[in-house]
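Enquirer: how does the following fold in three dimensions:
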Amino acid sequence: MYFWNIKKLKEELIRDGLSQRSMFMYILVSVLLAQLFLAIAFLFPSKDAINAIDYIKLLIDLSVVGAGTYLSFYANGAGSGVQFAERYFSISFVVGLRFIPLLIPLALLTGFAVGIVKIAFGITSVSSGIHYATLALVRVWLVVMYWRIVTHINDVAKAAHA
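Expert: I've put the predicted structure just below:
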């Protein structure tokens, strides 16, 4: 994997092209950096002090994106698989678009559940509860989304080898 030497990268692309493993490494590093920069953009600058939950959220998100991308590569046949980039980016795009509308009813359901808990237990303030429930919900949503991406890539890889 080349980090700075564009000349050698171009030579390899012209001569042999990238192996599936090399392509996977570029994709993995790219999606992790994108996730990291996205998370940092939400953390800094912040009106509130950054706390342990913010760091835990960042760690979970990076872990899910990294593991999901690795499992996608593995489901595609790892180093012996073919067309990883094409499958990963196209399937991730479609699954991502299909999962966006799921957040709305899930958020409403979470708000409803928190409202019931508030009434049932006579709690006057649930703002931190709603915050934590939302954080957990988004993390679960991300895990399920990657599970679907991995499943679809696996289906395509198996069908292509049949």
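Enquirer: can you pull the phi and psi angles for residue 49?
Expert: The phi and psi values for residue 49, taken as degrees, to the nearest 10, are phi -70, psi 140.
Enquirer: equivalent analysis for residue 76, please.
Expert: Phi and psi for residue 76, reported as degrees, to the nearest 10, are phi -80, psi 0.
Enquirer: spatially central residue in the protein, please.
Expert: Here the mean C-alpha position of the chain is nearest to the C-alpha of residue 65 (CA atoms, centre = their mean), at a distance of 3.6 Å.
Enquirer: quick check, pLDDT for that one.
Expert: Per-residue pLDDT puts residue 65 at 95.
Enquirer: not counting sequence-adjacent ones, nearest residue to it?
Expert: Of all residues not flanking residue 65 in the chain, residue 35 sits nearest, at 4.7 Å (CB to CB, 6 or more residues apart in numbering). Heads up, the C-betas are built off the backbone N, CA and C, glycines and all.
Enquirer: what's the local residue count around the one you found?
Expert: When neighbours are defined as other CB atoms under 10 Å, residue 35 has 19 of them.
Enquirer: for this structure, which segments count as helices?
Expert: Secondary structure of the chain (DSSP state H): helices located at 6-15, 20-43, 52-75, 84-121, 127-161.
Enquirer: where's the residue lying farthest from the centre of the chain relative to residue 110, distance?
Expert: Relative to the average C-alpha location in the chain, and by CA atoms, centre = their mean, no residue lies farther out than residue 122, which sits at 37.0 Å. The gap separating residue 122 from residue 110 is 20 Å, by CB to CB, to the nearest Å.
Enquirer: quick one: contacts for the closest residue to residue 67 other than its chain neighbours?
Expert: When the adjacent residues along the chain are set aside, residue 67 lies closest to residue 146, with 7.5 Å between them (CB to CB, 6+ apart). The neighbourhood of residue 146, defined by CB atoms under 8 Å, 6 or more residues apart in numbering, consists of 64-65, 67-68, 71-72.
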